[in-house]
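Enquirer: Fold the following.
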Amino acid sequence: MPPIRLRLDDPLLAYDGNPATARKLLEAWDAPDADQAEAKACILQFMLEHPRDAHLRECVRGHLTASSIVIHSDGKRALFTHHRKLNRWLQLGGHCDGDANLPAAALREAVEESGIDDLVIDPRIIDLDIHLIPERPAREDRPEEPAHVHLDTRFLVYAPDGAEFVVSDESHELAWLTLDEIEKHAADESVMRIVRLALS
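Expert: The predicted structure follows:
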């Protein structure tokens, strides 16, 4: 099936603060295997337990996030961040911050973290992942952050020809990496799973 490509200013990617929008997208997605079906069920159950704030980072137990694999125009590489806070190589993405339009949140994060303004997204889910974010003790410049879960919905994003990234404050560095290269950076299996989907 050919990709759907939406820009950030597309009406289908308008901000939507209604958690039911995220639930509808997740419910409609056909999980490709048993593990993904379990992740889908867990996220939907979490949303039942947190019907008003699952998409807000103020939900202390955990919250919805959205991320993407940004594919280079050559189709052979994807953009990764050496994440400053987690000190790991990851796909681009982050908190929904109240936007229950998950593809919109994923594309917004990709633009912010890459500095590439004209990225486009396929709004169809490709993967789900639930992962623990470890506790961070308080410092002078930040309050304590308790351990919590990120319930991540993932998408494919496409970069235009000649795209040049800009490293944001959230990253040590950014790099276009092949499947073999990101594996050498010891990316975890949840990252490798979506890289294989994107670049295979």
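Enquirer: which residues in this protein form strands?
Expert: In the chain, the strands defined using DSSP state E lie at 62-71, 78-83, 89-90, 92-95, 120-133, 148-158, 171-177.
Enquirer: buried set for the fifth one?
Expert: By that I understand strand 120-133. Applying a neighbour-count criterion of 16 or more other Cβ atoms under 10 Å, one finds 120-123, 125-130, 133 buried in strand 120-133. Heads up, the C-betas are built off the backbone N, CA and C, glycines and all.
Enquirer: Count the residues that sit near the nearest residue to V166 once chain neighbours are set aside.
Expert: Closest residue in space to V166, ignoring its immediate chain neighbours: G115 at 2.8 Å, by Cβ to Cβ, 6 or more residues apart in numbering. G115: 13 surrounding residues under other Cβ atoms under 10 Å.
Enquirer: next one: D117
Expert: If we define neighbours as other Cβ under 10 Å, then D117 has 10 of them.
Enquirer: give me phi/psi at it?
Expert: The phi/psi pair for D117 (degrees, to the nearest 10) reads phi -70, psi -30.
Enquirer: Pull the residues that contact the helix of greatest length in the chain.
Expert: The helix that spans the most residues within the chain, counting by DSSP state H, is helix 34-49. The contact list for helix 34-49, computed with Cβ atoms under 8 Å, 6 or more residues apart in numbering, reads 19, 22-23, 26-27, 29, 31, 54, 62, 64, 127-130, 151, 153.
Enquirer: Buried ones in that helix, by neighbour count?
Expert: Buried-residue list, helix 34-49, by 16+ other Cβ under 10 Å: 36, 39-40, 43-44, 46-47.
Enquirer: Stretch 189-200 now?
Expert: 190-191, 193-195, 198-199.
Enquirer: just curious, which of the residues you listed is nearest to D74?
Expert: Nearest to D74 among those is L199, at 10.4 Å by Cβ to Cβ.
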